[in-house]
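> Below is the sequence, then the predicted model.
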Amino acid sequence: MDKVIKTGICSFGMSGQVFHAPFLYVNPGFEFTAVVERSKNIARQRYPDVKVYTTVEDMIADPELELIVVNTPNYTHFDYVTKALEAGKNVVVEKPFTVTAAEADTLIALASSKKLLLSVYHNRRYDSDFKIVRQVISDGLLGDILEAEIHYDRFKEELSYKKHKEGGLPGTGALYDLGSHLIDQALTLFGMPQSLWADIRIIRRDSVVDDYFELVLYYDTLRVRLKCSYLIREALPSYQLHGRAGSFIKTKSDIQEAQLQRGLLPNSPDWGAEQPHEWGLLHTEINGKVVKQFLPGTNGNYMDYYNGIYAALVNNAPNPVAPQDASNVIRVIEAAFKSSREGKVISL
């Protein structure tokens, strides 16, 4: 590639180590140039040529950098994205975009005024399981979709040691964390709902953040249910879609995170490939014939997101995740909390 985009990552915890650095490192369009690491020396051990800063402000001031990845705690996103944009840098910010929709709108306006790219890392759009769900819907294999249910469940009674996730700070809890993924997938598939109802609770001992939620998104003829619990030992299929012609049932089966945590790089053979036992079950009617079969999944690949960022910066291609999409996710989250507090359906 003729142009290489020099990039800095604002922190090197799990997000930096697993979801960003490996993709920047192997993509010829990017250079993993700089990182913020205050006390440890993990980044330089893995990437000897990387520049290490001890503060986000110092890294943002580096004149070499063209792109900043803001992957700090959720409540800091607004501040650091603002500083990066003010410094003339393009920005990729981790989900959730911001704590409030008002903050999101402010950042969108700032990026637009400075003619800079602002994108949100909703990487679960590039999971193998979601990709086949999206394909089944776009191919019309189920007819008009009448009901959809998406789950993201865990079994984990103990609290995380990460205070920025479980400490009751703004933007913490299951709805902001895992809910951001589910809401973004629902909006990507079906658009913004007309209204919603939500039940958001704390179910683990000693937790101070929500760890259970159920949202129902209301459309004209469609109902979408989004569910998450941290105390589900035997999980249901993550995707359940029912249309006028048939149904599609699919497990959450993307293996990229597990591959990355094992130290594999995104250019490894069979990257993101599903195992046959994880294929989704299609039961529908095609050309008057009832069909019941397992559909092979396509490979998941988060690199598609960074390829999209490169194309947007270099070739003026569309933003792979427009900030307005991510702002809509925050609007749904805010409405869900309001619905749960007031015990009623909230219009959007």
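Good, I have the coordinates.
> Does S268 touch Q259 like I think?
Yes: with contact defined as CB atoms under 8 Å, S268 reaches Q259; the gap is 7.0 Å. (C-beta placed from N, C-alpha, C; glycine too.)
> who's more crowded, those two?
Ranked by neighbour count (other CB atoms under 10 Å), S268 and Q259 place Q259 first, with 20 against 14.
> Could you confirm the more buried one falls within a strand?
No: per DSSP: H, G, I helix; E, B strand; the rest coil, Q259 lies outside any strand segment and is helix.
> Give me the pLDDT for it.
The predicted local distance difference test score for Q259 is 96.
> gap between the closest residue in space to I330 that isn't next to it in sequence and R124?
Closest residue in space to I330, ignoring its immediate chain neighbours: A101 at 4.6 Å, by CB to CB, 6 or more residues apart in numbering. From A101 across to R124, the span is 20 Å (CB to CB, to the nearest Å).
> picking that back up, for the residue nearest to I330, what are its contacts?
Going by CB atoms under 8 Å, 6 or more residues apart in numbering, A101 touches 327, 330-331, 334.
> What spatial separation is found between it and L348?
11 Å.
> any residues in contact with both of these two?
Joint contacts of A101 and L348 (CB under 8 Å, 6+ apart) are R331.
> ok, the spatially most central residue of the chain - contacts?
Centroid-nearest residue in the chain, with CA atoms, centre = their mean: H122, separated by 2.9 Å. By CB under 8 Å, 6+ apart, H122 lies in contact with 95, 180-181, 184, 321, 325-326, 329.
> Turn the residues you listed into a markdown table, columns for secondary structure, neighbour count and pLDDT.
Below are those laid out as a markdown table (DSSP: H, G, I helix; E, B strand; the rest coil; neighbours: other CB atoms under 10 Å; pLDDT from 0 to 100):
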| residue | secondary structure | neighbour count | pLDDT |
| --- | --- | --- | --- |
| K95 | coil | 24 | 98 |
| S180 | helix | 26 | 98 |
| H181 | helix | 22 | 98 |
| D184 | helix | 25 | 98 |
| V321 | coil | 25 | 98 |
| D325 | helix | 19 | 98 |
| A326 | helix | 28 | 98 |
| V329 | helix | 28 | 98 |
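> quick check, nearest of those to Q240?
Of all these, H181 has the smallest distance to Q240: 16.5 Å, by CB to CB.
> The closest one against P96, yeah?
No: H181 is beyond contact range of P96, at 9.6 Å (criterion: CB under 8 Å).
> By mean pLDDT, which helix or strand of the protein comes out lowest?
Sorting the helices and strands of the chain by mean pLDDT, DSSP states H and E puts helix 163-166 at the bottom, at a mean of 76.
> can you pull out the helices in the stretch 201-348 of the chain?
Taking DSSP state H, counting those that start in this stretch, the helices of the stretch 201-348 of the chain run over residues 256-261, 303-315, 323-342.
> Same list, these, but as TSV with distance to T82 please.
Below are the helices of the stretch 201-348 of the chain laid out as TSV (distance: least, CB to CB, whole Å):
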stretch	distance to T82
helix 256-261	29
helix 303-315	20
helix 323-342	13
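> So which of the ones you listed is nearest L116?
Using CB to CB, the nearest of the helices of the stretch 201-348 of the chain to L116 is helix 303-315, at 9.7 Å.
> Provide the contact partners of that closest one at residue level.
Residues from elsewhere that reach helix 303-315, judged by CB under 8 Å, 6+ apart: 1, 3, 5, 23-24, 26-27, 29-30, 66-67, 90, 92, 117, 119, 121, 123, 125-126, 266, 317-321.
> So which of those are in helices?
23-24, 26 (DSSP state H).
> Show me which of these are buried.
Among the ones in helices among the contacts of helix 303-315, those scoring as buried are 23-24 (criterion: 16 or more other CB atoms under 10 Å).
> what's the closest of the ones in helices among the contacts of helix 303-315 to I232?
F23 (30.1 Å).
> Next one: the closest one from K338, what distance?
F23 is 36 Å from K338, by CB to CB.
> again, but for V314
41 Å.
> Now for the nearest residue to L222 once chain neighbours are set aside, how many residues are close by?
Using CB to CB, 6+ apart and skipping residues adjacent in sequence, the residue nearest L222 is I145, 5.7 Å away. For I145, the count of nearby residues is 22 (other CB under 10 Å).
> partners of I145 in the sheet?
With DSSP bridges as the criterion, I145 is bridged to G243.
> Next, work out how far apart it and F78 are.
From I145 to F78 the distance is 35 Å (CB to CB).
> Right, I'll call it a day here.
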